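Colleague: sequence unavailable; structure follows:
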DNA sequence: TGGTCAATATGAAACGTTTCATTGCCATAA
DNA sequence: TTATGGCAATGAAACGTTTCATATTGACCA
């Protein structure tokens, strides 16, 4: 089929070893022969087989990316950056969705391991891998969500939650709602804890001016944001929250739609803070105030940890940043 | 490192061939031995190496997916379905972004070919592949955009354009704008031609009631939709279009934002029709009327063509469908 | 007993690389 | 002339599979 190193060797009347050494550019080989071999390679359109190479080296140039759902803009963005960086370093990215199903995750991991990947980037479904631990030799980076016994690269979710809370408190909000992600995920818990912690601090600081916090739990998607949003917003004006923070932008966008449907103006009647800063956040109306995750940086660190200088030590917590846009304002005077 | 078939063979005191036959379930092997081997496999946690297997069979179980940008919701959706189907059939998906750059595309294709993929799904940057044609042995499916000499699976974009036009005409619009994608892509051209063709039909049907069509070209993203939208919408009320169709949903959503900023109500003052029906289309406000592409069906046909019964013959054009939501209405009376 | 057949296990070759110990060559030194 | 050494190319082994031709076994029949 495709020409192999043997064909090249025969055609250039050298041994396969020599061809191989021509390809590994740094080897010492007679200039005349090198040229002859290179010419044959070009003429035959020879392309070294990754398969043979990987088998011999017992290590492929594939990086496995295991995420819940590529349809989620956050992971799509992450995948894009990872792929770009990996590609530049001569690696390819294998995509695997778990759909947040531990069984599917296990299957995907197994199937990936058969490929002897150079490394794996995983956003695990839960805190522990169902199929047991990953093999020793494998370099892996856990992103977004932690996995016991593995190094994590992620934004500091706790701090992110605090940022959102601080912003709302500073604007003067005192009746606040929070739409959480599933509390089975560590991400949700961290964000919520950060948020709640900051709110409680404020409450105890000024006992005369108690802050009232209502937390409801949903999923990380648009629909959930809309549904939970409705629940939080029904009730008379004096009772309902003047601000709601969400655990991600998709929920926030769903919430935006719910408030529109209910005739509640954002930010005049209701302030909304999201989390992630997906591209869409700056496109909805009003543009969404949100806590930004440095996705590109996460991708860079992950790739560096995988391909670069040894595994990373301990969890890396990146700094989140509050991006102030048009969906937050002081509470309505009443 | 990881146990190999040899380790299993030694441990179970059989030959490697026998182990292999135990794994290929359909082979005839003594039940007692089979059990012994299986037990050893389980005990050792043996996992056959994809590498060795692929090398021997000269065919891997990798499906290459080459697309412009995984961040585009349409492609993300497609990738998800492809991955799900491929995974169910025991294949893995290798992700490669071209960022609409022919050079990057060439590099990605080359790098993919080294892996001896079982097949490749490609949404090519342009009508022809820079690095020459794909090798003979390789099964490939072209999606979304055609590639000369390759079979295409895509929605009937021409018909989709007609659907959008018909809808607006039936509502009574006579001053219509169209935001096209880059006219270097076949997709854009087809959609525009379909749209324009239908409009011209209407114009000639009823000469007394001429339809006026303004077409501007942009890119397939939010920003472009917003910018081009602004251009179309400036000018006094009597002159500006009462309806605008776009070449994809992202443009439509950008346009939505532009009209909001300009104080133009949708659909009362302006009707908008998108194309694709990405998940977000039903979440923006107002919910977007759009031409739906059967993404899941595209994925299914592509996978079937790749893994199933031989290559597909000729281009497959799937039927688009108009999804009527809240962004279109009769033109304002004036 | 010898022969035939079916059933089943074996061993080796092959897939396309890389690497490493050898070999061959030539120049310089003794 | 014979050693010595350095440089470059060679050939074979190895990576982990699958497959195919061959070997082994036992049973059955004449």
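Modeller: Received, thanks. Every value quoted in this text rests on a predicted model; they were computed, and no experiment measured them. Numbers count the residues shown, from 1 in each chain, chains lettered A, B, ... in the order given.
Colleague: can you name the residue of the stretch 101-250 of chain A nearest chain B?
Modeller: Proximity of the stretch 101-250 of chain A to chain B (CB to the nearest CB) peaks at residue A:114, 4.2 Å away. (C-beta placed from N, C-alpha, C; glycine too.)
Colleague: quick check: that residue touching residue B:54?
Modeller: No - Residue A:114 is beyond contact range of residue B:54, at 10.0 Å (criterion: CB atoms under 8 Å).
Colleague: who's more crowded, the two?
Modeller: Between residue A:114 and residue B:54, counted using other CB atoms under 10 Å in any protein chain shown, residue B:54 has the larger neighbour count: 25 against 18.
Colleague: so who does residue A:244 touch?
Modeller: Contacts for residue A:244 (CB atoms under 8 Å, 6 or more residues apart in numbering or on different chains) come out as A:176, A:177, A:178, A:179, A:229, A:232, A:255, A:270, A:271, A:272, A:273.
Colleague: ranking the residues you listed by neighbours, who comes first?
Modeller: Neighbour count (other CB under 10 Å) singles out residue A:255 as the most crowded of those, with 32 neighbours.
Colleague: what's the separation between it and residue B:20?
Modeller: Note on residue A:255: its distance to residue B:20, by CB to CB, to the nearest Å, is 56 Å.
Colleague: picking up where we left off before, in contact with the residue of the stretch 101-250 of chain A closest to chain B, which residues?
Modeller: Residue A:114 neighbours (CB under 8 Å, 6+ apart): B:47, B:48, B:49, B:50.
Colleague: so the first one, which of the three states?
Modeller: Recorded secondary structure, residue B:47: coil (DSSP: H, G, I helix; E, B strand; the rest coil).
Colleague: isn't it right next to residue B:2, touching?
Modeller: Yes - taking contacts as CB under 8 Å, residue B:47 lies within contact range of residue B:2: 6.7 Å.
Colleague: and of the contacts of residue A:114, the nearest to chain A?
Modeller: Among these, and counting by CB to the nearest CB, the member closest to chain A is residue B:50, at 4.2 Å.
Colleague: who touches that closest one in this structure?
Modeller: A:114, A:115, A:116, B:60, B:61.
Colleague: if we look at the lengthiest helix in chain A, which residues are touching it?
Modeller: The longest helix of chain A (DSSP state H) is helix A:186-205. Contacts to helix A:186-205, defined as CB under 8 Å, 6+ apart, come from residues A:127, A:144-146, A:154, A:157-166, A:169, A:176, A:178, A:180-183, A:210-211, A:213, A:215, A:217, A:245, A:247, A:275.
Colleague: now do the buried residues in it.
Modeller: Under the neighbour-count criterion of 16 or more other CB atoms under 10 Å in any protein chain shown, helix A:186-205 has A:186-192, A:194-196, A:198-199, A:202-203 buried.
Colleague: low pLDDT regions in the stretch 1-150 of chain A?
Modeller: A:130-132 (pLDDT under 70).
Colleague: likewise the stretch 201-334 of chain A?
Modeller: A:206-209, A:309-312, A:334.
Colleague: distance to residue A:101 for the contacts of residue A:114 - can I get that in JSON lines?
Modeller: Shown next, in JSON lines, are the contacts of residue A:114 (distance: CB to CB, whole Å):
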{"residue": "B:47", "distance to residue A:101": "21"}
{"residue": "B:48", "distance to residue A:101": "24"}
{"residue": "B:49", "distance to residue A:101": "26"}
{"residue": "B:50", "distance to residue A:101": "23"}
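Colleague: which of the residues you listed are close to DNA strand D?
Modeller: Contacts with DNA strand D are made by B:47, B:48, B:49 out of these, judged by CB under 7 Å from any atom of the strand.
Colleague: can you say which of those residues are buried?
Modeller: Here, 16+ other CB under 10 Å leaves B:47, B:49 buried among these.
Colleague: who are the packing partners of the helix or strand containing residue A:232?
Modeller: Using DSSP states H and E, residue A:232 falls within helix A:222-233. Here helix A:222-233 touches strand A:175-180, strand A:212-217, strand A:243-246, helix A:249-261, going by 3 or more CB pairs under 8 Å, 6 or more residues apart in numbering or on different chains; DSSP states H and E.
Colleague: touching chain B at all, the first one?
Modeller: Pointing back at strand A:175-180 there. No - contact of strand A:175-180 with chain B (CB under 8 Å from any CB of the partner chain) is absent, the minimum separation being 15.6 Å.
Colleague: now do that strand against strand A:212-217, angle only.
Modeller: Angle of strand A:175-180 versus strand A:212-217, following axes from the mean of the first three to the mean of the last three CA atoms, to 10 degrees, is 20 degrees.
Colleague: work out for me the element residue A:275 sits within.
Modeller: Element membership for residue A:275 (DSSP H and E) is strand A:271-276.
Colleague: what sits up against that strand?
Modeller: A:73-74, A:160, A:164, A:167-168, A:171, A:173, A:191, A:242-249, A:251-253, A:255-256, A:259, A:266, A:281, A:288-293, A:327-329, A:331.
Colleague: I'd like the next helix or strand past it.
Modeller: For strand A:271-276, the following helix or strand on the C-terminal side (DSSP H and E) is strand A:289-292.
Colleague: for the closest residue to DNA strand D within the stretch 151-300 of chain A, phi and psi?
Modeller: At 26.4 Å from DNA strand D, residue A:151 is the closest residue in the stretch 151-300 of chain A, using CB to the nearest atom of the strand. The phi/psi pair for residue A:151 (degrees, to the nearest 10) reads phi -80, psi 140.
Colleague: go ahead and confirm it touches residue A:141.
Modeller: Yes - assessed by CB under 8 Å, residue A:151 is found in contact with residue A:141 at 6.4 Å.
Colleague: for these two, indicate the residue with more neighbours.
Modeller: Taking neighbours as other CB under 10 Å, residue A:151 and residue A:141 compare with residue A:141 leading, 26 against 18.
Colleague: and the helix or strand containing the more buried one, what does it pack onto?
Modeller: For residue A:141, the element it lies in under DSSP H and E is strand A:140-143. Counting contacts by 3+ CB pairs under 8 Å, 6+ apart, strand A:140-143 is packed against strand A:119-122, strand A:152-155, helix A:295-307.
Colleague: tell me which of the ones you listed is the most buried.
Modeller: When these are scored by mean count of other CB atoms under 10 Å in any protein chain shown, the highest mean neighbour count falls to strand A:119-122 (a mean of 25).
Colleague: residues near residue A:292, how many?
Modeller: 19.
Colleague: so who does it touch?
Modeller: A:276, A:277, A:320, A:321, A:322, A:323.
Colleague: is chain B contacted by stretch A:1-16?
Modeller: Yes - with CB under 8 Å from any CB as the criterion, chain B is reached by stretch A:1-16 at A:1, A:2.
Colleague: around DNA strand D, pick out the residues from the stretch 1-150 of chain A.
Modeller: A:13-18, A:21, A:28-30, A:33, A:52, A:55-56, A:58.
Colleague: quick one: buried ones out of the residues you listed?
Modeller: Applying 16+ other CB under 10 Å to these flags A:14, A:18, A:21, A:33, A:52, A:55 as buried.
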